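Novice: sequence-free structure coming up:
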């Protein structure tokens, strides 16, 4: 593959493109099924050739069943003067997702149990769903609720909940190997920008970058409704999961917070070490959190029957910022620079995965004489150069048990330097891969020739 | 078994009962043999049906021999005016335990080598013993010694050291399993309240609580003289030690200090994890110390030929508080609330041992749909409830390798919540024990029905 | 062997002797080959009977070839007035080591690429070498370079680079066992006092101390040129390396800094634990650093084809102090007290290696009765003595899996106390070695009888 190291992304340009795509995706009313998902995938197809799958209502997927398809056209609460005091057309968060159709007149007292607010954040509309229990409701700012006078209201939810399909998108960027890296993001949230339009656009642009090169691994991208989508894919593709060597769930990648990485259930899988390594060698503060079975679709990928090495990359941690699952997770909350930086970090992680491997030193007894091969400064007595030091580390630890990533970790040197050192040592017949079939199809530097 | 969780003890009432029993035990002059031990066990029998064992002098127990039995009626040092300047009747710490009979007149200079004081704590009487070397002596406050005028004194120790028995108490509270939890405390100290009347009364009340329910494990309580008693029991019951799954030595449980747990020699035995877990989830500061081969009878239980998983629970650490082994370890130094809290912590540890087990998730591929079973809130988008989160953890980690206690530790959630989650999941056929024979005879919740 | 514990060195006297020997070694112009090495070994032979080896130019040693032998008689840069502005006779650092012969007139501009300075330390002469690329050069203070007027200069290096030999010294102090401890130091630096005349003299005096006793291990001392010397010895003695149980590279042992220990590649080899233990129980601050494949000859000993348990003991860490590889690493930079303390620490490490071993408690069930053997204070109730506590630890952990050093580490007690306790327990038939052949030929205390 061609270069994927730091700076491989086209930076600002990608950031602005991603931000623009996110802006177009924002108004769509998505849920776990329905036309919102289809419209979303159609917009993403402008960037990458996503394959759209439709799974019929009623299909059994492990312990679950594909639910009815939900679509909505309009919804409002209207007062006696005919004014819409709550209006889905103004913000699609106003309707509880999967609300059944309603058309009724009722007093505020009767309506109240169906109204959801956030008393602690009185200006924000909360995000609420009722996927698996037939119900209906409205979400609104607490101040708005407090201002509603008693009296009679007309309630309308013009939705449908009928047999149909669950829709999801999938894209395989084929690499030299059939071993796969899984990139998964949820496409089921309505107008919430960071969670998870940011994940969708960053995943789409990552796929576009990968499709332009010839990666070593194959990369499978899933754009799926949360929980039921991951369960559906795993149920329909169970035999494919054994090919997954590494994986990441992407969410909350557009806000301005520091990066957060939630480790896989295994805790020390290669993907965990790779992401930690990349974040450690960035100049920025960041946070590594342990796996927990609560979160996004890593819950399914890391269920004990699969236990896949899948972590979750975020900037701000879902559920821990004030805007989370409210109307404040809007277009102002995300920016082009943050999206671009998220993409850059992912490319750096991909660079590690692509170039990692385990080698053996072909001259294991004492150091080889690097100087006579032009690999070492001629003048002794002064300090060693970083690449020379990296070669020393690769030679010393390449006894067939340590991967380049492990060598980078033990040495404290950045992976890219260790990888470059390994390439130079291979070019001089001082190093060889342990298992040729698991190595990069082409060494990093040859592709650049 | 019925509920043994936090609050299972009847709290204040037990504390006052324990304090009252301790008050009655305090004046008795105990040693490693003799009638003091018999009187002590008789008082404890008012609470629980302890079986009293008598082992004859001269019996070989491993490297040791049961010593002669020691009893004492009176002892004093009397001045020329016939006044008792040191009087055993005023405090039984005044006599070195196991002092041979003496009746002699001597000068203060001749007497002095037999007088033990604490110059650094000049108002306190020290506790001294001479079990295995025939000797005699008196202990007194250093100020008292300084005030003694030169001159002639009459010395009397009206003791006997003759063939007899070593006495100890034992109680087996039978549970569903023949696997045992060992609770051991030493009954050989004279008027020292915290060390170890507190251990005796807390152990007795713990046994009373356990006898009222049907525990899973059998609980063996030993009320034995320190060192020689544990060696005697181990020597006479060597074949029983293989049934001991967990164990605790109890001492210093009546003072007002924070809890201290000294780990077993193994360091990460289940009992070590269980006690650490309980203390960590209490609101109080506490201290976990590593095993050392100096202390109380964990020295014997953890000797390399046995290496039993036995730790030591204390409040203040023996040997590290100013009152230790002095007349200041008196009735004022212990109180009902501390005794009650110690019992409560032990019950919480017992609760963990009783309900721990290893399970398998019967729906290991992806999460089961908890909502359709009424185990999960219907409205999505808001925060998860603690019990739901606990169910997620149990499901995710129950692959047959992690016990509930290990799940509690990894999740950071309290064991009781994890245990309740496991019970609910079993009731819904989502979870099953790995090895049925090692599981609780009845799951926690069924007993409460 | 006779006592080697703390204080075994004769302290000040050795320090002054070492300092005096170092003073005589300082003016010699050493390099990786040549007469400077021979003169150095000849001076060291006044202390210990080093065997001198000569390996011919052209000999293949693994990936390397023994280079031509380099000798130098004179070298200078002379200005138009016939004044030597740079003069090898004033300081042998003025010539780049291995400079080929030169005799030429040239302008300052032509000369300048051959002049090495340290702009950041403008008063110091740097140390530079060009062993494997035929070149020549001068080193000088940056201020001196700045003061050189433009103009023509006469350049002379009266050196020879011709077929000859690589010279190194070796000494085997034979012990009871054929298993070896390797002590290696480099003898190739010209007038640099701390790096590494300090290593040479401390090694020589350590060998002298060991030769006076009958050690358990055999001790192999190597006085070799850096890198090529270690490679040469390993290449010519490959079959001997399997006897090496422990090893240390010695350098920078004469400065006044705190001790630094660089661990072997294995990281937790016995030598690593032993040195860490000794430094931890000294009153001084010290630093333990992880292995890295950059440094001195531990690079070769720890190459993956050998992976010997060899660490590196220093005071100040090479490369990290301002004087390193400059003319400021002179006689003022080292002192007798520091050399003496370094020797003393090495003797303490040797004491650990000599007396370490793994034992079994012959009375593993409960504690043996130490009192009846006179090993325990008769009066109970008061605090235990350090040696008694050490006996408890040895008894408790001697189940055949823990060495005395491991027991010392777990207990927090100094090794010497643990070792004394083991000796006493063996004398009372309470302890026996696990594998007699790996134990000290004579127990520590018997030798003292």
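Specialist: All right, it came through fine. All of these numbers come straight from a predicted model, not from anything done at the bench. Numbering: from 1, shown residues only, chains lettered A, B, ... in the order given.
Novice: how close does residue A:362 get to residue A:406?
Specialist: With the distance defined as Cβ to Cβ, to the nearest Å, residue A:362 ends up 19 Å from residue A:406. C-beta here means a position set from N, CA and C on the backbone, and glycine is covered the same way.
Novice: With residue A:331 instead?
Specialist: Here residue A:331 is placed at a distance of 42 Å from residue A:406 (Cβ to Cβ).
Novice: repeat for residue A:417
Specialist: Distance of residue A:417 to residue A:406, computed by Cβ to Cβ: 15 Å.
Novice: Would you mind listing what in chain A touches chain C?
Specialist: With the criterion set to Cβ under 8 Å from any Cβ of the partner chain, chain A comes near chain C through A:361, A:363-369, A:371-372, A:378-384, A:389, A:392-393, A:395-399, A:411.
Novice: Please pick the buried ones from those residues.
Specialist: Neighbour counting by 16 or more other Cβ atoms under 10 Å in any protein chain shown classes A:361, A:363-369, A:371, A:380-381, A:389, A:392-393, A:395-399, A:411 among the residues of chain A next to chain C as buried.
Novice: Now intersect those with the helices, please.
Specialist: Among these, the members falling in helices are A:389, A:392-393, A:395-397, A:411 (criterion: DSSP state H).
Novice: Would you map the strands across the stretch 101-250 of chain A?
Specialist: The residue ranges that make up the strands of the stretch 101-250 of chain A, judged by DSSP state E, counting those that start in this stretch, are A:102-107, A:115-116, A:138-139, A:152-162, A:165-173, A:180-186, A:218-224, A:244-250.
Novice: burial of residue A:24, as a residue count?
Specialist: Taking other Cβ atoms under 10 Å in any protein chain shown as the criterion, the count of residues near residue A:24 is 14.
Novice: For residue A:72, see how far away it is.
Specialist: In this structure, residue A:24 and residue A:72 are separated by 20 Å, where distance is defined by Cβ to Cβ.
Novice: Quick check: the residue of the stretch 101-250 of chain A nearest chain C.
Specialist: Evaluated by Cβ to the nearest Cβ, the stretch 101-250 of chain A has residue A:216 as its residue closest to chain C, separated by 25.9 Å.
Novice: Neighbours of that residue, how many?
Specialist: 23.
Novice: That one and residue C:199, how far apart?
Specialist: According to Cβ to Cβ, residue A:216 and residue C:199 sit 47 Å apart.
Novice: swap in residue A:315?
Specialist: The separation that residue A:315 has from residue C:199, given Cβ to Cβ, amounts to 52 Å.
Novice: what residues does chain A put near chain B?
Specialist: Counting by Cβ under 8 Å from any Cβ, the residues of chain A near chain B are A:62-64, A:96-97, A:116, A:126-133, A:135, A:227, A:230-231, A:234-235, A:238, A:265, A:292-294, A:299-300, A:302-307, A:319, A:325.
Novice: again, only this time at 7 Å
Specialist: A:62-64, A:126-133, A:135, A:231, A:234, A:265, A:293-294, A:299-300, A:303-306, A:325 (Cβ under 7 Å from any Cβ of the partner chain).
Novice: Mind checking which of these land in helices?
Specialist: Of the residues of chain A next to chain B, the ones assigned to helices by DSSP H are A:231, A:234, A:299-300.
Novice: burial count for the residue of the stretch 301-449 of chain A found nearest chain B?
Specialist: When distances are taken as Cβ to the nearest Cβ, the stretch 301-449 of chain A reaches nearest to chain B at residue A:305, 3.3 Å away. By the measure other Cβ under 10 Å, the count of residues near residue A:305 is 15.
Novice: who are the neighbours in contact with it?
Specialist: Taking Cβ atoms under 7 Å, 6 or more residues apart in numbering or on different chains, we find residue A:305 in contact with B:364-365.
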